[in-house]
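Undergrad: Take a look and give me a structure for this.
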Amino acid sequence: GMQQPPMNFALVCPGVYRSGFPGRHNLSFLKSLGLRSLVSLAHGEYPSEVRDWIDEEGINTLGLSMPSNREPFVTMQTETLLAALTAVLDPENHPVLVHCLRGQQQTGVLVGCIRKLQRWSLAATLDEYGRHAGLAASLLDQQMIELVDLHVLPKDAHGELSLDDDGSVSQVTHPARAVSR
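TA: Residues are numbered from 1 along each chain as shown. As a prediction, this is how the structure comes out:
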């Protein structure tokens, strides 16, 4: 049938895709990506057809559900965000699809963190966030992107993140150094 990508599907950088929750009508499209991993930031189980595809292909799945940022008390956990970011940036997991329910808020915050690591300007980063979030755009998400401290990513998991010439995120290990706080 027609290849239909999940809602809000996009390539983030080589090896990393983003989208909303993948359903059975997205299967032929998803199969074409040759995914090695799925990182879900949403609550909820995959439909059985999607589950079957995951099992057949031996795709790694990581569920790190994060609530969306809502006033006044519900906020994404920074630890969960950093764990998801570490998984998404690990070349061993590529190609990886990171998704939440609609590919707007949680996924947008995570992609915003990748853009920070890629040294995008804040304006360009928030513009991309807004294009995907649409009416769901949240000031709290934007503040989180701006303020989250990515220096606390586990050193063994990421070293110094740098960009290859093709724009992909590569990992350059470095000697452990004292962290001044």
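Undergrad: What pLDDT is listed against V179?
TA: Here, the pLDDT recorded for V179 equals 38.
Undergrad: residue boundaries of the helices in this structure?
TA: Taking DSSP state H, the helices of the chain run over residues 27-31, 48-57, 78-89, 105-117, 122-133, 139-147, 155-158.
Undergrad: which of these sits most buried?
TA: Most buried of the helices of the chain by mean neighbour count (mean count of other CB atoms under 10 Å) is helix 105-117; its value is a mean of 24. Placement of C-beta: from N, CA and C, glycine included.
Undergrad: So what's the gap between that helix and the chain middle?
TA: Its chain's C-alpha centre and that of helix 105-117 lie 7 Å apart, by CA atoms, centre = their mean, to the nearest Å.
Undergrad: Other residues contacting that helix?
TA: Contact partners of helix 105-117, identified using CB atoms under 8 Å, 6 or more residues apart in numbering, comprise 8, 12-13, 16, 18-20, 41-42, 66, 68-69, 76, 81, 84-85, 88-89, 98-100, 124-126, 128-129, 132-133, 136, 138, 141-142, 144-145, 148, 150, 161, 169.
Undergrad: Spit out the contact partners of the residue nearest to L101 when sequence neighbours are not counted.
TA: Excluding the flanking residues, the one nearest L101 by CB to CB, 6 or more residues apart in numbering is A42, at 4.5 Å. For A42, the contact set (CB under 8 Å, 6+ apart) comprises F21, S65, H99, C100, L101, Q106.
Undergrad: Next one: the last one from T78, what distance?
TA: The one in question is Q106. Using CB to CB, to the nearest Å, we find Q106 at a distance of 13 Å from T78.
Undergrad: Flag the shaky bits of this protein, pLDDT-wise.
TA: 1, 70-76, 154-181 (pLDDT under 70).
Undergrad: swap the cut-off to 50 and go again
TA: For the chain, the stretches flagged by pLDDT under 50 are 156-160, 162-165, 170-181.
Undergrad: Any figure for the gap between N69 and R18?
TA: Using CB to CB, we find N69 at a distance of 18 Å from R18.
Undergrad: These two: who's more crowded?
TA: A side-by-side neighbour count of N69 and R18, using other CB atoms under 10 Å, places R18 first with 24 against 18.
Undergrad: ok, that one touching V96?
TA: No - counting by CB atoms under 8 Å, R18 stays clear of V96, with 9.7 Å between them.
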